[in-house]
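Q: let me see the structure of the following:
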Amino acid sequence: MRLDGGVVCLDFTNTIHNRYALPVEDYIDTPERFYSWSAHAGAISRLEAHRIRAQREVPSDIVAEAAALRASLYVLFTSAIAGRALPKDDVATLDRWVHRAWRRVSVDPATPGGLCWANATADARLPLLRIALSALSLLTSPTLSQVKQCEDTAACGWLFLDCTKNQRRRWCSMVTCGTLAKMRRYRQTQAEEE
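A: Numbers count the residues shown, from 1 in each chain. Predicted coordinates for the structure are as follows:
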């Protein structure tokens, strides 16, 4: 599972492999895959993932909740990229998650990230709460102007934070989409020369 977004909320929107291609692969389509991805991406620690999985009461709708938040974040970020107003329904979705997160967190400068989560080790929705705060932080930051969408919109459509000096990054990953685009251009050039 690649993490090309540059920040956890963008990596979360990218949990659909080749968003515009068929068939679509959803990296978080089961609770097990969701918690594995969350640990891999840093939304929760491996210990937190283990403790959540050990619970007998993981919400049955956790995958649906994750998919709904992911869809709203994708719309919010692609709207921001296009310079459009953020859709009210998607803002409201993020707002609900942010408020849930704030009820569970307190400031603690002694902890990594400066936040202390109440009952974090037993909260099955902890990854979504952290992702929501990550999204809020990015949406309200000057860094939002660095969010881009992979130019391979025929298949990929992933989002990423462009931290390059010249702000001209075009692909979610040069290794995957960038290489494929170069191969397509090469083949097209070869076909035109024949």
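Q: what about the closest residue to Thr15 other than its chain neighbours, distance to Trp37?
A: In this structure, Thr15 finds its nearest non-sequential neighbour in Tyr27, 4.2 Å apart by CB to CB, 6 or more residues apart in numbering. C-betas here are computed from N, CA, C, even on glycine. As judged by CB to CB, to the nearest Å, Tyr27 and Trp37 stand 5 Å apart.
Q: again, but for Glu57
A: Glu57 is 21 Å from Trp37, by CB to CB.
Q: the two: which is more packed in?
A: Of the pair Glu57 and Trp37, Trp37 is the one with more neighbours under other CB atoms under 10 Å, namely 21 against 7.
Q: isn't that one up against Thr30?
A: No: the pair Trp37 / Thr30 is not scored as a contact, 10.3 Å apart, by CB atoms under 8 Å.
Q: tell me the contacts of Leu139?
A: 76-77, 80, 86, 94 (CB atoms under 8 Å, 6 or more residues apart in numbering).
Q: between the residues you listed, which sits nearest Lys148?
A: Nearest to Lys148 out of the contacts of Leu139 is Phe77 (CB to CB; 9.6 Å).
Q: any idea which helix or strand comes after the helix or strand containing the closest one?
A: Phe77 is part of helix 62-82 when elements are defined by DSSP states H and E. Counting by DSSP H and E, the next helix or strand C-terminal to helix 62-82 is helix 88-104.
Q: list the buried residues of that following helix.
A: 90-91, 93-94, 97-98, 101, 104 (16 or more other CB atoms under 10 Å).
Q: quick one: it to chain centroid distance?
A: The chain centroid and the centroid of helix 88-104 are separated by 16 Å under CA atoms, centre = their mean, to the nearest Å.
Q: from now on call the first residue 670
A: Sounds good: first residue 670 from here, last item helix 757-773.
Q: quickly run through the sheet partners of the next helix or strand after that helix, with directions.
A: Downstream of helix 757-773, the next assigned helix or strand under DSSP H and E is strand 774-776. Using DSSP bridges, strand 774-776 pairs in its sheet with strand 784-786 (antiparallel).
Q: distance of Ala710 from Gln836?
A: According to CB to CB, Ala710 and Gln836 sit 24 Å apart.
Q: and Thr747, by the same measure?
A: Relative to Gln836, Thr747 is positioned 18 Å away (CB to CB).
Q: what's the answer for Leu679, then?
A: Separation of Leu679 from Gln836 (CB to CB): 16 Å.
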